[in-house]
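> Return atomic coordinates for the entry below.
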Amino acid sequence: MKLLWLAGGSLAIGAILAQQPPRPSDAVQRLVKEGQAAIQHGDATAALDAYQKALALAPDSAEFEDEVGFLLAVLQRTQEAIGHFQKAIALKDDYAPAHFHLGGAYCVESNWDRCIPEMEKAAHLVPQSFEYRSQLGKALLADEQYAGAASELKAAAALRPDDADNWNRLGAALQNSNDLAGAVEAYGRATQANPRNIDAKNNYGLMLMQTREADKAIAEFRKVLEADPSNATASLNIGIALMLKGDSDGALAQLRSVVQAHPEMATAHYNLGLALKNKDQLDAARAEFEKTIELAPDLAEAHYTLGISYWQAGDFDRTIAQMKDAVRIRPDYGEAWFILGTALKQKGNSDDAISALREAIRLRPDDPGPYNTLGQLLRAKGDIEGSKAAFAQGASIKARKEAGLADMLNHGEASLPAARKPDSNVRP
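Residues are numbered from 1 along each chain as shown. Sure, this is the predicted structure:
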C-alpha cells in the first residue's frame, strides 16, 4: 500500500480514531471498528468503504471527512482526497489533521503555494507535533525556502532529537543557508542518530570537505564503504577529498579506480580530468572532460572546464564553443559568461564580447574581472566615459575586497566560504 509522501502512515488513522469519543450510533461504531481492522491488515480499499459508510451516517463529522480523504490519498486518488480534506476544514477549521493532510496532498503534486500554508496552519494549531513541524520543514526545503526550513526542522529536532532523517534535512537547509558549521553539526547528529544512514554519512563527509577537514571527510566516506563496498559516490568523494588535501597522486589513483569500476559515471571522469589537470597532464585531462560530456552532455561544469583547458592551450575558438554550451545549459553561469567575453575579445569580436561581459557583471556584480575587461573593450571602441566607469567600478570592488581581507587579518578572524556548487568538485 503506497502512502502519501507527507501522510505519516496509515496507522495514524487508527491512533486518531482511538482518541475519539464514542459515536452515538451503533452502526457508526461498528463501521469504525471494521475500518480500523482493515487498516491493521493493510487493506485501504476495505477501510475506505467502511469509513465512507460511516461518513454517510455522520455527514457532519470533520474527522470522518479527513479519514476518507486520507484513504483516498493512500489509493492515489488525490483530487478526490483534496475535496474531502477541504470539507473537513469547512466543518471544523481548527482540525489540524485535515490541514496537515490537505497540505500533504498538495505537496505530493509539488504545489508548494497551496501545500505550505496548510502545513503551517497544522503546525500552528499543534506546535508540539514533531510530524507537523518536520514535514513543514521538509516542504519548505523542497521549495528552497531554506531559512524557514531550518527554523522548522530545528523545532522538530528539539521535539525528537533521535530522528536521523530530520537532522539530515536540517543539515541540507543550513548548508543552503551558508551556515556550514551548523550543517556539519546537523549531519553529524544524523549519523549519530542512525549510524546506518548512508545518505547522512555522505552528506556529513561532503560538509567536512567544504569546511576544509579532508581527513575527517575521508574517514566518513570510508565508513560508508565499510557498510556498502559498492557505493560509487563515497569512492568518488574520497578522490575529491584527496585532491582538496593536495594529495595529487593519491587522488589520481583513487579516481582511476572509480572510473575503472564505473566507466559510465560521468562525474568520475570529470574529477579524474581535474586530477590530471592538476598534474599538468592536459591532453589526458581533456580526454576525460570530453568523455564526461559524451556521458552527460548537459553538465555545464564539464563544458566550462574543458573550455578553460582550451584557453590555456591558446585555442580560443574551442574555448568559445565550450563556454557557449556552458551558458546555454546554465544561463546563470557568471564565470562562463566572463570567460566567453574574454575569449571573444581575443578573437576581435568586440560587440559579442561586450554583451557577454555585461551578462557576467549582471550575474556576478562583485567580481572586478569583467569590469576591467569591459573597460578595455569600451576604450578601444572610443567610449571613454563608459570605459572610465567600468574601470572605476572594478577598482572600487577590488579595493573593497582588499579592505575586507585586511580587516579580517588585522582582527585574526576567518570566515567560511559561502556554500555554492563548485566548478571544480562536481558530484553525483
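
> switch to C-alpha atoms for all contacts and neighbour counts from now on
OK.

> Straight-line length of stretch 155-167, end to end?
One end of stretch 155-167 sits 11 Å from the other (CA to CA, to the nearest Å).

> Residues touching that stretch, excluding its own?
128-131, 133-134, 153, 186-187, 189-194, 197, 200 (CA atoms under 8 Å, 6 or more residues apart in numbering).

> Where helices are concerned, which of those residues count?
Members of these lying in helices (criterion: DSSP state H): 130-131, 133-134, 153, 186-187, 189-193, 200.

> Show me the helices in the stretch 1-150 of the chain, by range?
Along the stretch 1-150 of the chain, the stretches classed as helices by DSSP state H, counting those that start in this stretch are 11-18, 26-40, 44-57, 62-74, 78-91, 96-108, 112-125, 130-142, 146-159.

> Put together CSV for those, with mean neighbour count on each row.
Formatted as CSV, those follow (neighbours: other CA atoms under 10 Å):
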stretch, mean neighbour count
helix 11-18, 15
helix 26-40, 18
helix 44-57, 20
helix 62-74, 26
helix 78-91, 20
helix 96-108, 27
helix 112-125, 21
helix 130-142, 26
helix 146-159, 21
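
> what about the stretch 301-428 of the chain, any weak spots by pLDDT?
Scanning the stretch 301-428 of the chain with the threshold set as pLDDT under 70 gives 403-428.

> how about a cut-off of 50?
Confidence mapping of the stretch 301-428 of the chain against pLDDT under 50 gives the ranges 408-428.

> hey, where'd the helices end up in the stretch 301-428 of the chain?
According to DSSP H, counting those that start in this stretch, the stretch 301-428 of the chain carries its helices in the segments 316-329, 334-346, 350-363, 368-380, 384-411.

> how about JSON lines for the ones you listed, with distance to residue 158 and mean neighbour count added?
JSON lines is the format used below for those (distance: least, CA to CA, whole Å; neighbours: other CA atoms under 10 Å):
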{"stretch": "helix 316-329", "distance to residue 158": "41", "mean neighbour count": "21"}
{"stretch": "helix 334-346", "distance to residue 158": "40", "mean neighbour count": "25"}
{"stretch": "helix 350-363", "distance to residue 158": "39", "mean neighbour count": "20"}
{"stretch": "helix 368-380", "distance to residue 158": "44", "mean neighbour count": "22"}
{"stretch": "helix 384-411", "distance to residue 158": "35", "mean neighbour count": "15"}
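
> Got phi/psi on residue 364?
As for residue 364, its main-chain torsions (degrees, to the nearest 10) stand at phi -130, psi 70.

> who's in contact with it?
residue 334.

> Tell me how far it lies from residue 345.
Distance, residue 364 to residue 345, using CA to CA: 19 Å.

> same thing with residue 70?
62 Å.

> rewinding a little: how about a markdown table for the helices of the stretch 301-428 of the chain, with distance to residue 59 added?
Compiled in a markdown table, these are given as follows (distance: least, CA to CA, whole Å):
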| stretch | distance to residue 59 |
| --- | --- |
| helix 316-329 | 54 |
| helix 334-346 | 59 |
| helix 350-363 | 57 |
| helix 368-380 | 67 |
| helix 384-411 | 67 |
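
> looking at those helices, which is closest to residue 47?
Shortest distance between residue 47 and the helices of the stretch 301-428 of the chain, using CA to CA, is found for helix 316-329: 48.8 Å.

> and the closest one, what does it pack onto?
Judged by 3 or more CA pairs under 8 Å, 6 or more residues apart in numbering; DSSP states H and E, the packing partners of helix 316-329 are helix 300-312, helix 334-346.

> ok, back up a step: ok, the ones in helices among the contacts of stretch 155-167 vs residue 277, which is closest?
residue 200 (30.8 Å).

> who are the neighbours in contact with the closest one?
Neighbouring residues of residue 200 by CA under 8 Å, 6+ apart: 164, 168, 187-188, 190-191.

> Repeat that for residue 266.
Contact partners of residue 266, counting by CA under 8 Å, 6+ apart, are 291-293, 295-296.

> go with 7 Å
292, 295-296 (CA atoms under 7 Å, 6 or more residues apart in numbering).

> Put together CSV for the residues you listed, with pLDDT on each row.
Supplementary listing: the contacts of residue 266 in CSV, determined by pLDDT from 0 to 100:
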residue, pLDDT
292, 96
295, 96
296, 96
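
> Show me just the buried residues among these.
Buried by 16 or more other CA atoms under 10 Å: 292, 295, out of the contacts of residue 266.

> out of the contacts of residue 266, who's nearest residue 54?
residue 296 (54.6 Å).

> Which residue lies closest in space to that closest one, excluding its sequence neighbours?
residue 266 (6.1 Å; CA to CA, 6 or more residues apart in numbering).

> export the helices of the stretch 1-150 of the chain to TSV and tack on distance to residue 376?
Below are the helices of the stretch 1-150 of the chain laid out as TSV (distance: least, CA to CA, whole Å):
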stretch	distance to residue 376
helix 11-18	67
helix 26-40	73
helix 44-57	71
helix 62-74	62
helix 78-91	60
helix 96-108	51
helix 112-125	47
helix 130-142	43
helix 146-159	40
